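> Any chance you can model this:
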Amino acid sequence: MLSPSVFESAFNSSPIGKYLLSPTPEAVILAVNDAFLRASSRRREELVGTSLFVAFPSNPDDPGSSTNEAELRASFAKVLATGEPDMLPVQRYPIPVQAADGAIGFEERFWSAYSAPVFGEDGAIACISHTTKDVTEQIHSERALRESENRFRALTTAGQVVYRMNADWTELRELDGRGFLKDTERPRSFWLEDYIPADEQERVHAAVLEAIRSGSVYELEHRVRRLDGSEGWTLSRAVPILDAKGQVVEWIGAASDITERKVAEERLRESDRRKDEFLAMLAHELRNPIAPIGAAAALLQRMKPDEALVRRTSEIIARQVGHMTGLIDDLLDVSRVTRGLVELDRAPVDLRTVLQDAVEQVMPQIEARRHALALAPPSGPVMVMGDKKRLVQVVANLLNNAAKYTPEGGRLALRAHAADGQAWIDVSDNGIGMAPELTGRVFELFAQAERSVDRSLGGLGLGLALVKSLVELHGGSVACASPGLGLGSRFSVGLPCLDAQVAPCPHSGAGATAASAVTLSPLQVLVVDDNVDAAVTLSMVLEAAGHRTLVEHGALAALERARASAPQVCLLDIGLPEMDGKELARRLRADPATAGALLVAVTGYGQDSDRQQIMAAGFDHHLVKPVDMERLGAILAAA
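Numbering: from 1, shown residues only. Just a heads-up that it's a prediction; the model follows:
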């Protein structure tokens, strides 16, 4: 039988800290081995004969700290009650340590502990063997690893996942997978095939193999298939981690979800493509009227004109100029509306009058294409608060659109009614229809390029974009539906209704009657334009109407001519040399000889901001080139 000295030697030489405790509530330390003394930086005489809870008190300066006294007492009580060993989980145990200056400080330690009963010859528990293992370094390492991984997570944005891979990319452990990644169950080459669509795998494989071969950073944008089955785009980046010899030991990777960016880029590319098509279409549409205008001018130059020829060619020129003017007006109008520069002249409007005016505008085109129009206005007043001119423009554009995209002899329908506080306008046709994917984009700018690639139907594809903007300015909504190609289309406009008792503002016809009754008297008109042809042709038209004209092409010469001749009306271009037309107008207003003259701006500047500046310079009227001769005639008649 072994002697007690052998057991004592084994107890003291154990590399794991051990001590024997009395089987009493105070848990007095009866013996302690060298390993525990080294780990706790204590001397045997300090501990033997002292209660464990006195020898290792809690830190009074750290209220959150714990010596786990309650857990220890419960463990010891369990051993005494059951006679069975008890294992404690890792415990945080601050250890009092004396500094060089004699001050006592506490050092954080972590221990795993095991308590077992030691029985005497009589079968009773003689003491408790308490074994402790200092796992402080292990806990600190695990904590550092967690903090490091948390830093990786903190550095990632909401759309990223972070992962670790071994040197040859055969094993993955997700650090922050966000439900998109899972750890590999076993080493497997190209595990990322689970996440990459088949048509992207060759490109991704090549980039991965090159990164592994060269030990360089892997970075690639590619499509990705997520665990939930959805697809998107990701920017994948993996950085090699090297050991002291410069060998790759692992990779830290991150994948950012860039789906929104890719979708936005695709939209920009699509917008750019449609813009290019629009510019080609614009060039086509502008060349169309220029060709007959040029031919008519050549005809007048080369042939001896008679009255019938002049009338016919002038009608051609007027028609084509009107077409060009309409194209330019559409461009300016959609620009103003989409930039929010249009102010609505709101008033109560009866929807029936809007429909009536719109049909009146569009009827020539409908009749020219031999369409049948079914009109179903509301049976009674349907009042909306809006700008009547703009609402007529909305309905006219929808009817124009239906007429344009319906083959000759087709059927159109215009219906309106009120329901649930909304006024509804429906325009339908049995025309060429639309593919389902186009119905969602038909109100975007330049969508006509997709609907009519051959451009044979004309127009710039701005009408429906203008409709949408104007309707939304009125607080309404617009929608489009089509069963498919060749099956027609239906456009619906919804506007907030007013109470039916609100009457529309009356419009007196007295002003128009008075204007028509005015007899045109000859006026002396000064025309100022640095474009010689524009000035001369305008003066010819005025002289044909019975007026006397003076023509100048420079601002200073015009100022001298006006002072000498005192014209009753001055038609001034704005973009003049020497000084612009606005400054010329100010000087004419300041001169007593011309202060009372009627000043009319005749210019290519047609934006609302241009008009405001021009009128502020002292002009009475603002006309945009090419001049609407009927409007100019009315201005001169009123003068």
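> Please make it C-alpha for all contacts and neighbour counts, starting now.
OK.
> Helices of the stretch 151-300 of the chain, start to end?
Residue ranges of the helices in the stretch 151-300 of the chain, as given by DSSP state H, counting those that start in this stretch, are 198-214, 259-302.
> and those helices, which one is worst for confidence?
Taking the average pLDDT of each of those, the minimum falls on helix 259-302, with a mean of 73.
> by contact count, what packs against the host helix or strand of residue 536?
Using DSSP states H and E, residue 536 sits within helix 532-544. With contacts defined as 3 or more Cα pairs under 8 Å, 6 or more residues apart in numbering; DSSP states H and E, the packing partners of helix 532-544 are strand 524-528, strand 548-552.
> and stretch 321-331, average pLDDT?
Averaged across stretch 321-331, the pLDDT comes to 71.
> ditto for stretch 442-452
On average, the pLDDT along stretch 442-452 is 58.
> if we can go back for a sec, ranking the helices and strands packed on helix 532-544 by burial, who's on top?
When the helices and strands packed on helix 532-544 are scored by mean count of other Cα atoms under 10 Å, the highest mean neighbour count falls to strand 524-528 (a mean of 25).
> Kindly format the C-alpha coordinates of that one as PDB.
This file holds the C-alpha atoms of strand 524-528, laid out as PDB (Å, rounded to 0.1, in the frame of the first residue of the first chain):
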ATOM      1  CA  GLN A 524     -46.200 102.500 -88.800                       C
ATOM      2  CA  VAL A 525     -44.300  99.400 -87.600                       C
ATOM      3  CA  LEU A 526     -40.500  99.200 -86.800                       C
ATOM      4  CA  VAL A 527     -39.200  95.700 -87.400                       C
ATOM      5  CA  VAL A 528     -35.800  95.000 -85.700                       C
END
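> re earlier: check which residues of the helix holding residue 536 are buried.
535, 536, 538, 539, 542, 543 (16 or more other Cα atoms under 10 Å).
> That one versus strand 524-528: what angle between them?
The directions of helix 532-544 and strand 524-528 differ by 170 degrees, with axes from the mean of the first three to the mean of the last three Cα atoms, to 10 degrees as the criterion.
> Contacts made by helix 532-544 with the rest, please.
Identification of contacts with helix 532-544 by Cα atoms under 8 Å, 6 or more residues apart in numbering yields 527, 528, 529, 548, 549, 550, 551, 552, 553.
> which non-adjacent residue is nearest the fifth one?
Closest residue to residue 549 apart from its sequence neighbours, by Cα to Cα, 6 or more residues apart in numbering: residue 525 at 4.7 Å.
> Would you check that the one you found makes contact with residue 546?
No: judged on Cα atoms under 8 Å, residue 525 makes no contact with residue 546 at a distance of 10.9 Å.
> Surely residue 116 is in a strand?
Yes: according to DSSP: H, G, I helix; E, B strand; the rest coil, the state of residue 116 is that of a strand.
> my guess is it meets residue 129, correct?
Yes: contact status for residue 116 versus residue 129: in contact at 5.2 Å, counting by Cα under 8 Å.
> what ranges do the helices span in the stretch 401-550 of the chain?
In the stretch 401-550 of the chain, helices defined by DSSP H, counting those that start in this stretch lie at 436-439, 448-451, 463-473, 510-517, 532-544, listed in chain order.
> Geometric centre of the protein: which residue is closest?
With the centre of the chain defined as its mean C-alpha position, the nearest residue by Cα atoms, centre = their mean is residue 264, 7.6 Å away.
> quick one on the thing from earlier: I'd like the helices of the stretch 151-300 of the chain written out as JSON lines, with distance to residue 9 added.
Putting the helices of the stretch 151-300 of the chain into JSON lines (distance: least, Cα to Cα, whole Å) gives the following:
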{"stretch": "helix 198-214", "distance to residue 9": "55"}
{"stretch": "helix 259-302", "distance to residue 9": "69"}
